[in-house]
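Colleague: starting from these lines, generate the structure:
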Amino acid sequence: MQLLADEGVESAIVKILRTQGHDVQYIAEFAAGSDDIDILALSAEGNRVLITLDKDFGELVFKLKLNHVGVVLLRLHGFHPEAKANIVSEVFLKHQEELVGAFTVISPGFVKIRKG
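Modeller: The predicted model follows:
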């Protein structure tokens, strides 16, 4: 799967997804400090699902109706980076196909996938 990880996403998450065979571009590695609108456009242009910690992407997708390939919002505060990586990894293994075109929220013990 083609993914774009926002710069706030822990490197442990990027590493585990890459290990699973996903093609992950990481904003922290090539465009740190980019504006949210530019990041969403980058993900759409590259046909990549965006992984982020930033709730502002919900407004960009639902209120402003900006084009996107899919957004995965991580709400895993308080977890160790390795635990977060394992949770995200499991969600991608179970729900990979559903994440495209959806706004997904991953919380402890809960995954909400909203299409459209």
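
Colleague: helix, strand, or coil at L3?
Modeller: Secondary structure assignment for L3 (DSSP: H, G, I helix; E, B strand; the rest coil): strand.

Colleague: skipping adjacent residues, who's closest to it in space?
Modeller: Leaving out its chain neighbours, the residue that sits closest to L3 by C-beta to C-beta, 6 or more residues apart in numbering is V24, at 4.6 Å. No exception for glycine: its C-beta is placed from N, CA and C like everyone else's.

Colleague: could you pull out the buried residues of stretch 87-96?
Modeller: Of the residues in stretch 87-96, I87, V88, S89, V91, F92 count as buried by neighbour count, 16 or more other C-beta atoms under 10 Å.

Colleague: what's next to it, contact-wise?
Modeller: In this structure, residues lying in contact with stretch 87-96 by C-beta atoms under 8 Å, 6 or more residues apart in numbering are 1, 13, 16-17, 20, 22, 51, 72, 74, 76, 79, 99, 104, 106, 108, 111, 113.

Colleague: thanks a lot, see you next time.
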